[in-house]
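Colleague: pasting a predicted model and its sequence here:
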Amino acid sequence: MQCKVIGLLASVALFCSCRSSIVMEDAYTLGRGNWKVELQAAQQHVVIYDERKDRFNNTSTIQDYVAEGLVSQFDVQLSVGLTDRLDVGGKFNTNSSGLMAKYLLA
């Protein structure tokens, strides 16, 4: 019962958060000596507008098209099993990087 409550709270927190994520982690660790490499690529269409302001009453009057293009993002994630219950690794992408750890509780 306790695991179901924790899973429900984690799901609610995930769907209510501001950060978007398209990577889902499984609940199990890799095991001692095993490793995993994940690659991901994404592309997003972006349009940029210049919003002009009226000098007299400081309100928006017109939006002028400035540019458009594709923004690419590449992700690489590496995980290594230090023990049967502990994985460590790192995630690196075009915008940021970070370290991660996963511990199997049950």
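Modeller: Noted; the coordinates are in hand. Because the structure is a prediction, the values reported are computed rather than measured.

Colleague: stretch 83-100: which residues count as buried?
Modeller: For stretch 83-100, the neighbour count (16 or more other Cβ atoms under 10 Å) marks 87, 89, 91 as buried. Glycine gets a C-beta too; all of them are placed from N, C-alpha and C.

Colleague: what bridges to the first one?
Modeller: Each beta-bridge partner of residue 87 is listed here, defined by DSSP bridges: residue 81, residue 102.

Colleague: my guess is it contacts residue 77. True?
Modeller: No - contact criterion Cβ atoms under 8 Å: residue 87 and residue 77 do not qualify, at 11.1 Å.

Colleague: tally of neighbours for residue 79?
Modeller: Neighbours of residue 79 under the rule other Cβ atoms under 10 Å: 20.

Colleague: name the surrounding residues that touch the one helix or strand it maps to.
Modeller: Assigned by DSSP states H and E, residue 79 falls within strand 60-81. Under the contact criterion Cβ atoms under 8 Å, 6 or more residues apart in numbering, strand 60-81 has outside partners 23, 29-54, 87-95, 100, 102.

Colleague: may I see the buried residues of it?
Modeller: 75, 77, 79-81.

Colleague: make a markdown table out of those and add pLDDT.
Modeller: Listed next are the buried residues of strand 60-81 as a markdown table, based on pLDDT from 0 to 100:
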| residue | pLDDT |
| --- | --- |
| 75 | 87 |
| 77 | 90 |
| 79 | 92 |
| 80 | 94 |
| 81 | 93 |
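
Colleague: show me where the protein dips below the pLDDT cut-off.
Modeller: Low-confidence segments of the chain, defined by pLDDT under 70: 1, 8-24, 50-65.

Colleague: show me where it has helices.
Modeller: With helices called from DSSP state H, the chain shows them at 2-16.

Colleague: what sits opposite the nearest residue to residue 40 once chain neighbours are set aside in the beta ladder?
Modeller: In space, residue 40 comes closest to residue 75 once its chain neighbours are excluded; the distance is 4.2 Å by Cβ to Cβ, 6 or more residues apart in numbering. With DSSP bridges as the criterion, residue 75 is bridged to residue 40, residue 93.

Colleague: brilliant, that's me finished.
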